[in-house]
Structure formats: structure tokens, C-alpha cells
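>>> coordinates only, no sequence provided:
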């Protein structure tokens, strides 16, 4: 198991190095932030002084090495526009996005998996057909349209829930969380529901397909022949056998939700990192853009690493394969 962990850690480090280079080169090849930061009426001397101040006069490879050195110390640089350390800026917004992403993925998992298992266990029932029709709707309807309909229905017409913002928070270990208050939960519900519909549909279809496959296998036939109840078969065999793909989707969807919650955060004015990256792109704030993308890459790599290690716990063959390698 130790060899398997070391192998995955080395792979994760190499992926992060490659991603940091791609992100840095890609962002720094787009536009010139001096055109946004400095007035068009500024003299050439002022422009050259600003270029030297931000280190933009150095060759790209030197800028990248300087960035890499700061990154190894946990420093993502300083925002060109706000003159605030990018680390502080991103991490001040990250709890809001983490809260929203986790709530949406949990909604998708805790509702989607039971519905998908039922649809796979009773595929011909009217309820199962309705569940699968709903999953098609979740895949097909654009997120921004669903968000607008939710706001129009529950915030404008019914006046049950707030239309935007995050609401009050409670600090735990210096971090503010809105789900710890009833009013904060009301602010969280609509954006989390909007963000969870695609994940809900995916969980339904994945768990249904896995359940159908397992229910037709010899494992279930032998379990029924041994006199086990249907509930025991579902709990001990079906859920266990479909757990690996579900763990994969849960991890990857959590990472993708953190990275791509931009639309939902914009519609509901949710003060997360998605809103931050939109503002930084508008102002060509390169350090914030690079810092955000590197952080997203790190989250994806970390989540994939956790998923791989979870695989090893669920399937001992992977541990043996890691030792053999």
C-alpha cells in the first residue's frame, strides 16, 4: 500500500508541475494588463515604470520561474488591481464556493443514488420511467435557465426564498459558514439546488445502470438462492458493487463544481471564487487568474488522488498491482 501511495503522489506532483506551466503560459499570452491598469493618457515613462514594477519586462521563462518559486512557498502573488495577496483574496472567497459545491453534490448523491437504484431495481414501473424522464430533463436544460426560473418562481412570485447573496454566516475556526443558520440555509437552497440538477441526473443514470448490471449477475442469483432478503441483497451486494464508479463520479463532480460554479454564482450573486475569476478576467488581473486556475488544478489532482486511494481501499487488487509495479 505504501508503494501505491508513493507512486500516486509522484504522479500528482508531475501533473501539478505540467499544469502550472500550461496555466501560466496560457494566461500570460492573453492581452496586456498594462492597457487596463494604466490610463491611455499616461506617458511612456510611466508605462515602462509600471511594466518593470509588475515584472512584465522579464522573459516569460524568468517570470514563470519566479512564479514557481513563490508557489513553492505558498505565495500566489499580489493582485494587480486590488493590491491584495492572491492567496488571501482566493481563500476569502473559497469557503462560499466550497459550501455551495458540497451542498449541491450531496443533494445529487443522497437523492440521485436511491432514485437510480430504485429505477434499476424496478425498471418497468411507472415511477422508474418518471425518474428516468426527470434525469433526461436534468441533462438537457441549461443551468442559467433553471436558475432564472427558480428565482422567478420561489423568490419573486412565491416570495419563499431570497433571490441572491449569501446571507448571514457563523464563524467556525475563523471561517464563515452560512449553512449553520436557518436564514443562511434559505440563501443556500436555491443556488445549491440549481447547481445540483446536472449531478442529480448523472447519479440517477449511473446508479441505475450499475444496479441493472448487478441485478442480472450471478452474484445476485446466488444470493437469492441462499434465501437472502431483497433489502439485504441491495445493501450488501448491489450498493457495494456499484460503489467504485459512484465514488469516482462524486469526487470528479465535486472538483468540477468547484471549478465551474461560475454561472450559478453569477446568477445568484453568490460571493465565491467563480465570481472572483469573472471580475479578474474583465480587468486582466493575471495573478488572480493564474492563482485561481492553479488552485483548481490542485483541487482536481488532490481529489483524483483521494479517489485513487479510496479505490485501493475498496479493491485490494489495486494495492497488489501497486506493489507489483
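It's in. Fair warning: this is a prediction, and the values are worked out from it, not measured in the lab.
>>> what is the least confident helix or strand in this protein?
One helix or strand of the chain scores below all others by mean pLDDT, DSSP states H and E: helix 316-324, with a mean of 51.
>>> mind listing the strands for the chain?
For the chain, the strands defined by DSSP state E occupy 170-172, 175-177.
>>> which of these is buried the deepest?
strand 175-177 (a mean of 16; mean count of other C-beta atoms under 10 Å). Using the backbone N, CA and C atoms, a C-beta is placed for each residue, glycine as well.
>>> ok, residues contacting that strand?
95, 99, 169, 170, 171, 184 (C-beta atoms under 8 Å, 6 or more residues apart in numbering).
>>> now the residues you listed as JSON lines including pLDDT and distance to residue 123?
As requested, the contacts of strand 175-177 are arranged in JSON lines below (pLDDT from 0 to 100; distance: C-beta to C-beta, whole Å):
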{"residue": "95", "pLDDT": "85", "distance to residue 123": "41"}
{"residue": "99", "pLDDT": "87", "distance to residue 123": "36"}
{"residue": "169", "pLDDT": "80", "distance to residue 123": "44"}
{"residue": "170", "pLDDT": "81", "distance to residue 123": "44"}
{"residue": "171", "pLDDT": "78", "distance to residue 123": "48"}
{"residue": "184", "pLDDT": "83", "distance to residue 123": "40"}
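>>> so which of those residues is the closest to residue 194?
Checking the contacts of strand 175-177 against residue 194 by C-beta to C-beta gives residue 99 as the nearest, at 14.3 Å.
>>> measure that closest one to residue 169 for me?
9 Å (C-beta to C-beta, to the nearest Å).
>>> what do you get for residue 245?
From residue 245 to residue 169 the distance is 35 Å (C-beta to C-beta).
>>> tell me which of those two has more neighbours.
Taking neighbours as other C-beta atoms under 10 Å, residue 245 and residue 169 compare with residue 169 leading, 19 against 13.
>>> look up the closest residue to the more buried one, ignoring the ones flanking it.
residue 176 (3.4 Å; C-beta to C-beta, 6 or more residues apart in numbering).
>>> just the pLDDT at that neighbour, thanks.
Model confidence at residue 176, given as pLDDT, is 76.
>>> what are the buried residues along stretch 219-235?
Under the neighbour-count criterion of 16 or more other C-beta atoms under 10 Å, stretch 219-235 has 219, 220, 223, 228, 233, 234 buried.
>>> could you dump the residues you listed to TSV with pLDDT and distance to residue 113?
As requested, the buried residues of stretch 219-235 are exported to TSV (pLDDT from 0 to 100; distance: C-beta to C-beta, whole Å):
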residue	pLDDT	distance to residue 113
219	73	19
220	74	18
223	76	20
228	74	21
233	75	16
234	75	11
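>>> show me where pLDDT drops low in the stretch 1-150 of the chain?
1-4, 31-32, 35-37, 39-42 (pLDDT under 70).
>>> wait, which of the strands of the chain is closest to residue 107?
Nearest to residue 107, of those and by C-beta to C-beta, is strand 175-177 at 16.8 Å.
>>> the closest one pairs with which strands?
Strands flanking strand 175-177 in the sheet, each with its direction: strand 170-172 (antiparallel) (DSSP bridges).
>>> what's next to the strand it pairs with, contact-wise?
176, 177, 178, 180, 181, 184.
>>> ok, of these, which one's closest to residue 46?
residue 176 (40.0 Å).
>>> burial of residue 6, as a residue count?
By other C-beta under 10 Å, 11 other residues sit near residue 6.
>>> ok, it to residue 12 distance?
For residue 6, the distance to residue 12 (C-beta to C-beta) stands at 11 Å.
>>> where does pLDDT dip in the stretch 201-325 of the chain?
For the stretch 201-325 of the chain (pLDDT under 70), the answer is 259, 311-325.
>>> kindly recompute the last result at 50.
For the stretch 201-325 of the chain, the stretches flagged by pLDDT under 50 are 322-325.
>>> can you name the two of the contacts of strand 170-172 that sit furthest apart?
Largest pairwise distance in the contacts of strand 170-172, by C-beta to C-beta, is 10.3 Å, between 176 and 181.
>>> which residues are in contact with each of those two?
Common neighbours of residue 176 and residue 181 (C-beta under 8 Å, 6+ apart) are 169, 170.
>>> burial of residue 178, as a residue count?
Here the count is done by other C-beta under 10 Å, and residue 178 has 23 residues near it.
>>> wait, it sits on residue 184?
Yes. If you go by C-beta atoms under 8 Å, residue 178 and residue 184 touch, sitting 3.1 Å apart.
>>> common neighbours of the two, please.
With C-beta under 8 Å, 6+ apart as the test, residue 178 and residue 184 both reach 166, 167, 168, 169, 170.
>>> before we move on, back to that, let's have the contacts of strand 175-177 in TSV, adding distance to residue 44.
TSV is the format used below for these (distance: C-beta to C-beta, whole Å):
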residue	distance to residue 44
95	44
99	48
169	48
170	53
171	49
184	52
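>>> out of those, who's nearest residue 69?
Within the contacts of strand 175-177, the smallest distance to residue 69 is 28.0 Å, found for residue 95 (C-beta to C-beta).
>>> which one is that closest one nearest to, not counting chain neighbours?
Distances taken as C-beta to C-beta, 6+ apart put residue 175 closest to residue 95, at 5.0 Å, once the chain neighbours are dropped.
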